[in-house]
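*Asks:* Everything below, folded, please.
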Amino acid sequence: MIVGPTVMNAQTIKGIVTDENGQPLPYSNVIEKETSNGVTTDGNGNFEIKVKGFPVTLIAKYVGFQNKSIEVNSASAAIVFKLDPNNSLDEVVVTGNRSKVRSVLNSAVPIDKLYAEDLKSSGQVTFDKMLAYKIPSFNSSSQAISDATAHFDPADLRGLGPSRTLVLVNGKRKNQSALVYINDTPGKGEVGTDMKSIPFSAIERVEVLRDGASAQYGSDAIAGVVNIILKKQTNFTEVSLTSGVTSQGDGFNFGADLNSGFKIADKGFVNFNISYLAQNKTNRAGKPGKDDLFGVAADDAQWGDWLSRNPDLGMTIGLPDSKMGAFVVNAEYPLSEVTTVYAFGDVNIRKGTSYALYRAPYWVSDPNNLLHEAGTTYNGFQPTFETDIFDNLGSIGLRSNVFGFNADFSLTAGSNKVDYTVGNSLNVSLGANSPTQFEAGGYTFSQLVGNADFSRTFDKVTFGFGTEIRREQFEARAGQEESYVGGGAQSFPGLQPANALKETRSNVGVYTTLDYDMSEAFLIGGSIRYENYSDFGDNISWKVSSRYKLTNDVAIRASFSTGFRAPALHQIYLSNIQTLVSGGRISNQGTFNNVDPAVIGLGVPKLDAEESQNIATGITFRSGANFSASLDFYHIKVRNRVLFSGEVGFDGDDTTTNPVEEVLLDNDITSMKFFINAVNTITKGVDVVLNYKNLEIGTGRLGLNLASNIANTKIDGKIGTPAILSANGYDIFNRKEQGRILSARPNTKVLLGMNYDLNKTTFIFNNTYFGEVTWQHATDVAKDQTFAGKVITDLGVAYNFTSTLSANVMVNNLLNVYPDLLDTKGDVVTDLGGRFKYAWEVNQFGFSGTTFTAGLNFKF
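*Replies:* Modelled structure (predicted):
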């Protein structure tokens, strides 16, 4: 136990801090009101504090609980602080308002607030999946056979794509990842933030703003904002160990986390976190026993025996192998009563291995015995796609008071780097000289952000203003020559020198915001922001919002805002062109960037900002300290969404050449894809959140929570196909591609959670309904497939052996639920000749089945 300063003629007060059930809260803070005198409770929640005299007011604090004050008039009896959990509707949040913190009930916009324990109760092992099982409008699911996408997993709010959710750490802009999702998965063509880069054990809480916020935070905040608040505690060291495995015996994972901290001269603090997570692969491949993709029957005279021994065609489809190590630090030090210097940052290193399509012996031969020993039977080979990911973020700042304004000055730098290695493969064109491992190149995205924010409250008016200066850089690096020459490495030809580049841009933003509490019940607010980008120009976004309390427990709220999203540097400059030489002729195919002469020749305009309009209205209700509810409707229009086009090539008629083909021929191109502003969408939805806590049943207490999101996105108007392409019958965004933004994510998601606390034991029972998703065929409506909605049930138990030692076990997907099976309806490409049992282009919750997890937690 840490005791306070020595006080002459002091009186000693003893006591204990517990939760509402009487369980001790170790390492809580107990302070004397309006003084710096304070102590920390020991491992059993006990404390002693010395005070000068009586009466005195003591305040007990513990993360996740409401502060409690007690006036003490003598030291004759021990003081008992019983802290109540924070009510989810009435907790204070900092997100959604640049000037003044408000409670969730008092906010004019919908905000979710989750503590680390809430995330942990999901039973998931990564932060993005934890959010997906706790917030209905947040989506993230594991991908397979999708190159680097399998190691990032696209995540989004309200089904609007990864690009339109802004991620903050301690209120500062987090850098995006280096990856553009160009594989056939949800989020194709988008750029998101690496949500796996910050371990949940470093997180104190997460605030999710479910409303457009470009007028406050700038680009990307069309769907909302995820603000990750790092831990500050210095009272104890916490070590957590977790491990899990699927019911099929694969997918073993092991994680270890250490969180600790220390005080600086009894005024400041440093909190640090070290994390490690290893995840083994899973495999849920189909077993067709034949290969319709290559026309090889089960009884094929030459390959029938191989098919009988490899009914899954050698495939590995599921979670990738991965290892992650992370270090996070968060620190503050007050220089004076009004000035505090702060710093925080993280370093995350991940190495992963995913698996490409297996090269069956009838697909790719190995005549030079590169991947099998001479004299042995050749069985084909499994190419691997290996990623080295390095993500880092660092911020330093100063909070002070300038001319009566609260001021915050900060400088934040962040980057994300990914390098590719293709393993266990070969380049057929190099024959016996081919390597079997290839460095295939990589990408880096980095940013440097300077912020200056000012705010001040004048009676009922809170006024704020500020500026942000940002510099971004995108770099593409070529792979080794053997990875791209000829046909390139099997499964993933490396990036060519012509694809390598380093491009930068800068932008300046200024904003102002004003909140006016016209009365205790009526709040009205507004924001306006001007941004200027060095590449595409400027934008003005604005927002008005209001909240009116009908009673102390019932409030209505509404907002209208405009927003924007600057096209990512990746989307402007990414190119991945494969150059082939055949018969003395050079031909190029692949992804061409927005500034390429061939793209410009097809009439594709320079990428511009997406623009949005967001209308939201809702009602919040609270009954006592234990029940809360909210209902929010939203309507979001996004204009000029950036999309990744379908393939543009030759029409197969060799007798004539249309104008599009002339452009291709002039640039030695056989086929091409590109990025373009070409689609408008409208998303309508409703969010419902109900919470009931502390329902007494027997000798324990039950907590219930029901949350749902129901949404629908549709395309507004026609696809903006350039005139030359439209006139010659090219469809740059066919039905299959449209389906990725319309129906690749569940339009309905419902979470029902129950926690029952009985003495030292907590029982956790969660049900998550993932609504139906639809895969759309590129041209034939009859071949569409809708995958029915499913309920995933999780059951867990946590037990506190002592106030410092606890354990938990969790069964995720208790009933071993899988998505519907793929139905090819005669289209062999749908499941790639039976290789895929479950859909990969649309996704609800992955396909790992039941997972068993156990954990142990120590505090000392």
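*Asks:* where's the most centrally placed residue in the chain relative to Tyr217, distance?
*Replies:* Nearest to the geometric centre of the chain sits Met195, at 3.7 Å (Cα atoms, centre = their mean). Separation of Met195 from Tyr217 (Cβ to Cβ, to the nearest Å): 17 Å. Where you see a C-beta, it was placed from the backbone N, CA and C, and this is true even at glycine.
*Asks:* Listing request: residues of this protein with sub-threshold pLDDT.
*Replies:* Confidence mapping of the chain against pLDDT under 70 gives the ranges 1-9, 36, 63-64, 85-106, 147, 579-587, 652, 654.
*Asks:* before we move on, the earlier item: please list all residues in contact with the residue nearest to the centre of the chain.
*Replies:* Going by Cβ atoms under 8 Å, 6 or more residues apart in numbering, Met195 touches 126-128, 131, 140, 153, 155, 167.
*Asks:* So which of these are in helices?
*Replies:* 127-128, 131 (DSSP state H).
*Asks:* Check which helix or strand Ser177 maps to.
*Replies:* Counting by DSSP states H and E, there is no helix or strand that carries Ser177.
*Asks:* neighbours around it, how many?
*Replies:* Ser177: 29 surrounding residues under other Cβ atoms under 10 Å.
*Asks:* Can you tell me which of the ones in helices among the contacts of Met195 is nearest Ala256?
*Replies:* The closest of these to Ala256 turns out to be Phe127 (Cβ to Cβ; 16.0 Å).
*Asks:* which residues make contact with stretch 697-709 from outside it?
*Replies:* So stretch 697-709 is contacted by 20-21, 88, 135-137, 158, 685-696, 748-759 (Cβ under 8 Å, 6+ apart).
*Asks:* Next: stretch 612-621.
*Replies:* By Cβ under 8 Å, 6+ apart, stretch 612-621 touches 89, 104-105, 109-110, 211-212, 214, 222, 553-565, 628-639, 687.
*Asks:* So which bits of that stretch are buried?
*Replies:* 612-614, 616, 618, 620-621 (16 or more other Cβ atoms under 10 Å).
*Asks:* Dump those residues to a markdown table, plus distance to Asn401 and secondary structure.
*Replies:* Below are those laid out as a markdown table (distance: Cβ to Cβ, whole Å; DSSP: H, G, I helix; E, B strand; the rest coil):
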| residue | distance to Asn401 | secondary structure |
| --- | --- | --- |
| Ser612 | 36 | strand |
| Gln613 | 37 | strand |
| Asn614 | 34 | strand |
| Ala616 | 34 | strand |
| Gly618 | 35 | strand |
| Thr620 | 33 | strand |
| Phe621 | 38 | strand |
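*Asks:* Can you tell me the strand partners of the strand or helix carrying Arg399 and which way each runs?
*Replies:* Assessed by DSSP H and E, Arg399 sits inside strand 384-402. Next to strand 384-402 in the sheet, as set by DSSP bridges, lie strand 340-355 (antiparallel), strand 405-423 (antiparallel).
*Asks:* quick one on the thing from earlier: for the ones in helices among the contacts of Met195, which one is nearest Lys174?
*Replies:* Nearest to Lys174 among these: Phe127, at 12.1 Å, using Cβ to Cβ.
*Asks:* my read: that closest one touches Pro199, true?
*Replies:* Yes. Using Cβ atoms under 8 Å, Phe127 is in contact with Pro199, at 6.9 Å.
*Asks:* if I pick Val208, what's in contact with it?
*Replies:* Contacts of Val208 by Cβ under 8 Å, 6+ apart are 95, 111-114, 131, 135, 138, 157, 224-227.
*Asks:* Leaving out sequence neighbours, find the closest residue to it.
*Replies:* Asp112 (4.3 Å; Cβ to Cβ, 6 or more residues apart in numbering).
*Asks:* how far away is that neighbour from Ala555?
*Replies:* With Cβ to Cβ as the criterion, Asp112 and Ala555 are 17 Å apart.
*Asks:* which one of those two has more residues nearby?
*Replies:* Counting neighbours by other Cβ under 10 Å for Asp112 and for Ala555 shows that Asp112 has the greater number, 26 against 23.
*Asks:* neighbours of Lys267, just the number please.
*Replies:* Look at Lys267: counted by other Cβ under 10 Å, it has 12 neighbours.
*Asks:* my guess is it contacts Ala331, does it?
*Replies:* No. With contact defined as Cβ under 8 Å, Lys267 does not count as touching Ala331 (11.8 Å).
*Asks:* give me phi/psi at Val598?
*Replies:* Let me fix one detail, which is that residue 598 is Ala and not Val. Backbone torsions of Ala598, given as degrees, to the nearest 10, read phi -70, psi -40.
*Asks:* List the residues that contact the residue nearest to Gly189 when sequence neighbours are not counted.
*Replies:* Leaving aside its sequence neighbours, Gly189 sits nearest to Phe644 (Cβ to Cβ, 6+ apart; 2.9 Å). By Cβ under 8 Å, 6+ apart, the residues touching Phe644 are 182, 188-189, 673-675, 737.
*Asks:* Check the gap between Phe644 and Phe836 for me.
*Replies:* As for Phe644, its distance to Phe836 is 22 Å (criterion: Cβ to Cβ).
*Asks:* Also Glu696?
*Replies:* In this view, Glu696 and Phe836 are 50 Å apart by Cβ to Cβ.
*Asks:* which of those two has more neighbours?
*Replies:* More neighbours surround Phe836 than the other of Glu696 and Phe836, with 23 against 8 (other Cβ under 10 Å).
*Asks:* what is that one paired to in the beta sheet?
*Replies:* On the basis of DSSP bridges, Phe836 is bridged to Ala285.
*Asks:* pretty sure it is in contact with Lys287, am I right?
*Replies:* No. Distance between Phe836 and Lys287: 11.2 Å, which falls outside the contact criterion (Cβ under 8 Å).
*Asks:* For stretch 528-542, which outside residues touch it?
*Replies:* 214-216, 218-219, 505-513, 526-527, 543, 561-564, 566-567, 572, 606-609, 611.
*Asks:* Derive a PyMOL selection command for the buried subset of those.
*Replies:* Selection of buried members from the contacts of stretch 528-542 for PyMOL, criterion 16+ other Cβ under 10 Å:
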select buried, resi 214+215+216+218+219+505+507+509+511+512+513+526+527+543+561+562+563+564+566+567+572+607+608+609+611
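*Asks:* The contacts of stretch 528-542 in strands, which ones?
*Replies:* Secondary structure defined by DSSP state E assigns 505-513, 526-527, 543, 561-564, 611 of the contacts of stretch 528-542 to strands.
*Asks:* Buried ones among the contacts of Met195?
*Replies:* Neighbour-count burial (16+ other Cβ under 10 Å) applied to the contacts of Met195 gives 126-128, 131, 140, 153, 155, 167.
*Asks:* Now do the helix or strand harbouring Lys14: which elements does it pack against?
*Replies:* For Lys14, the element it lies in under DSSP H and E is strand 11-19. Identification of packing neighbours for strand 11-19 by 3 or more Cβ pairs under 8 Å, 6 or more residues apart in numbering; DSSP states H and E yields strand 46-51, strand 56-61, strand 79-83.
*Asks:* try it again with 7 Å
*Replies:* Applying 3 or more Cβ pairs under 7 Å, 6 or more residues apart in numbering; DSSP states H and E, one finds that strand 11-19 contacts strand 46-51, strand 79-83.
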